[in-house]
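[1] only geometry, no sequence info:
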C-alpha cells in the first residue's frame, strides 16, 4: 500500500439493488488501494444486502454490516463507529466516484497540509450510468483545474454566503475526504432529514484548513423518482429549517455574530424557497405547510433584521436582503408569496 494511510469509505445502503454494484465497483477500482470499504446495509428489503455480500467475497477490503433500518444518518454513524482509518470518506450507494477520487484528494490534502479535501461533483441522469466516467472526463477537459485553500471561517462564510452553488458544494459530505479526528465529537442526527446540513458546519468549524479542487470526480446520479423531487413532506420542511436554527444557535454560542446572521439569512431564503415549491403542489396539506412556513418566517425575520446593518458586506447579500424585506412587508396572506423565490433564484444563481 506504499505506506499510505488507511482510508475508511462508508457506504450506507438501502434498497438500491439496481445501482449498488456500480457504486461499490467504482470504490474497488480506486487507484488509491489502502481502503477499508464499510458497507452498511440498513435493513434493505430488496436484494441489496445479498449483492453487497457477494461483492465482499471478491475483495477482502470490504466489510458488510447488516442492521435494522434506522435511516441514512444512523447508517453513516454505524460506519464511522466500525471504521479504523486515519482518513474517512462517504459515498452514497447510488452514486459513482472516479478512479482518481481518493488518490487526488489524498495527494492534495498532503501537499496543502489540510484537514479536508473536496472536489466538484456532476449531476448525471441514471440512464447514463454506463457512461458516467467518460461524461466526467469530458467535463474535466472543459475546465482549468484550480486549487483553493481556506481556513475554517472562510469556508463557513462560503457555506453561508449569498450564492447557491458554493453552498451545495460545501454542505454535502460525499465529495470530500476528512481527517478522522474531525468526527471525534460529531455524528449525524438520527431520525432527521437533511443530515448534512445538521453536521457539515460543525465539521468545518472543527477543521483548520480545507482545500478545494475545481475538478469533477464524483457522479451524483439522479433518477426521476429522486426523494428530493417528490412532494415536500412536513418533516422535510421542519428538519430543513431546524438545521439552520441549530447552526445559528451554534455560532451565537461561540460569539460569531457574523456567521450567526449569515445562517439566519439563509434560513429566511429557505422559507421562501420552500413556500415557492409547496405552492406548486397538489397535496392535501399544502395550505397547512404554507401557514407553518409563514409563521416561522415572521419569527426569524425579526431576529435576523437586528444584525443586518453591521454584518453584511457583500452586494449580492444586500440584494437578497431587499427581497427578504419586501417579502415581509407584502406578506398579507397566510403564506409567503412564491414569486419571491423566483426573484431570489436569479440573485443567488447569477454569475
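    Looks like it came in fine. Not measured: the values here are computed from a predicted model.

[2] so how far is residue 351 from residue 273?
    Plainly put, residue 273 is 20 Å away from residue 351 if you go by Cβ to Cβ, to the nearest Å. Using the backbone N, CA and C atoms, a C-beta is placed for each residue, glycine as well.

[3] which of the two has more neighbours?
    residue 273 (20 against 4; other Cβ atoms under 10 Å).

[4] I'd say that one and residue 342 touch.
    No. Counting by Cβ atoms under 8 Å, residue 342 is not a contact partner of residue 273; they are 10.3 Å apart.

[5] what bits of the stretch 251-351 of the chain have low per-residue confidence?
    For the stretch 251-351 of the chain, the stretches with pLDDT under 70 are 306-312, 330-335.

[6] SS state for residue 88?
    Per DSSP: H, G, I helix; E, B strand; the rest coil, the secondary structure class of residue 88 is strand.

[7] do the same with residue 192
    Residue 192 - assigned by three-state DSSP - is coil.

[8] domains in this protein, as residue ranges please.
    Taking automatic domain parsing as the domain assignment, the ranges for the chain are 7-227, 231-349.

[9] least reliable of the ones you listed going by mean pLDDT?
    Among the domains of the chain, domain 231-349 carries the lowest mean pLDDT, at a mean of 86.

[10] Could you work out the end-to-end span of that domain for me?
    Using Cα to Cα, to the nearest Å, one end of domain 231-349 lies 23 Å from the other.

[11] the strands in the stretch 201-350 of the chain, which residues?
    209-222 (DSSP state E, counting those that start in this stretch).

[12] ok, residue 84 to residue 175 distance?
    For residue 84, the distance to residue 175 - Cβ to Cβ - is 23 Å.

[13] of those two, who's got more company?
    Using other Cβ under 10 Å, the more surrounded residue of residue 84 and residue 175 is residue 175, with 26 against 11.

[14] Might one say that the more buried one is in contact with residue 117?
    No. Under the criterion of Cβ under 8 Å, residue 175 lies out of contact with residue 117, with a separation of 9.6 Å.

[15] tell me which residues in stretch 200-220 are buried?
    200-207, 209-213, 215-220 (16 or more other Cβ atoms under 10 Å).

[16] Same check on stretch 237-255?
    For stretch 237-255, the neighbour count (16+ other Cβ under 10 Å) marks 237-244, 246-248, 250-252 as buried.

[17] Stretch 128-144 now?
    129, 132, 135, 136, 140.

[18] Same check on stretch 113-133?
    For stretch 113-133, by 16+ other Cβ under 10 Å, it's 114-122, 124, 126, 129, 132.

[19] Select from those residues every entry located in strands.
    When DSSP state E defines the strands, the subset of these inside them is 116, 117, 118, 119, 120, 121, 122, 124.

[20] I'd like to know which of those residues is nearest to residue 15.
    residue 124 (20.4 Å; Cβ to Cβ).

[21] The residue nearest to the closest one when sequence neighbours are not counted and residue 94, how far apart?
    Take residue 124 and drop its neighbours on the chain: the residue closest to it by Cβ to Cβ, 6 or more residues apart in numbering is residue 219, 4.7 Å away. Residue 219 is 10 Å from residue 94, where distance means Cβ to Cβ.
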